[in-house]
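Trainee: sequence-free structure coming up:
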């Protein structure tokens, strides 16, 4: 939650080097309007933060970016360790 007590919306993007690596993309009016994007990022090449606000996972076949601050990422990892 942000300082104002509101949940901050998070964004993401998936950039694929070729449509051949996309397994499926489903945008449905059924199933409550769910969207499913599946594919393969390939072999992991790099995991890091872009400008401390975007988690970036680079693979040989594509890149996944998630709007997530580094401090939040670390906090979630610590929370997971406590729950194990």
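Mentor: That came through, no problem. Computed from a predicted structure; not experimentally measured. Numbers count the residues shown, from 1 in each chain.
Trainee: what about the residue nearest the centre of the chain, which helix or strand?
Mentor: Among the residues of the chain, residue 66 comes closest to the average C-alpha position under C-alpha atoms, centre = their mean, at 4.0 Å. Following DSSP states H and E, one finds residue 66 within strand 62-67.
Trainee: immediately after that strand, which helix or strand?
Mentor: Following strand 62-67 in sequence, per DSSP H and E, is helix 70-83.
Trainee: so what touches that following helix?
Mentor: 49, 52, 53, 55 (C-beta atoms under 8 Å, 6 or more residues apart in numbering). For every residue, glycine as well, the C-beta is placed using N, CA and C.
Trainee: quick check: PyMOL command selecting the buried ones in the residues you listed.
Mentor: Remark: buried members of the contacts of helix 70-83, expressed as a PyMOL selection using 16 or more other C-beta atoms under 10 Å:
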select buried, resi 55
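Trainee: mind checking which of the contacts of helix 70-83 are in strands?
Mentor: 49, 55 (DSSP state E).
Trainee: identify the farthest-apart pair in the contacts of helix 70-83.
Mentor: 52 and 55 (10.1 Å; C-beta to C-beta).
Trainee: what residues of stretch 61-78 count as buried?
Mentor: Buried, per 16+ other C-beta under 10 Å, within stretch 61-78: 61, 62, 63, 64, 65, 68, 69.
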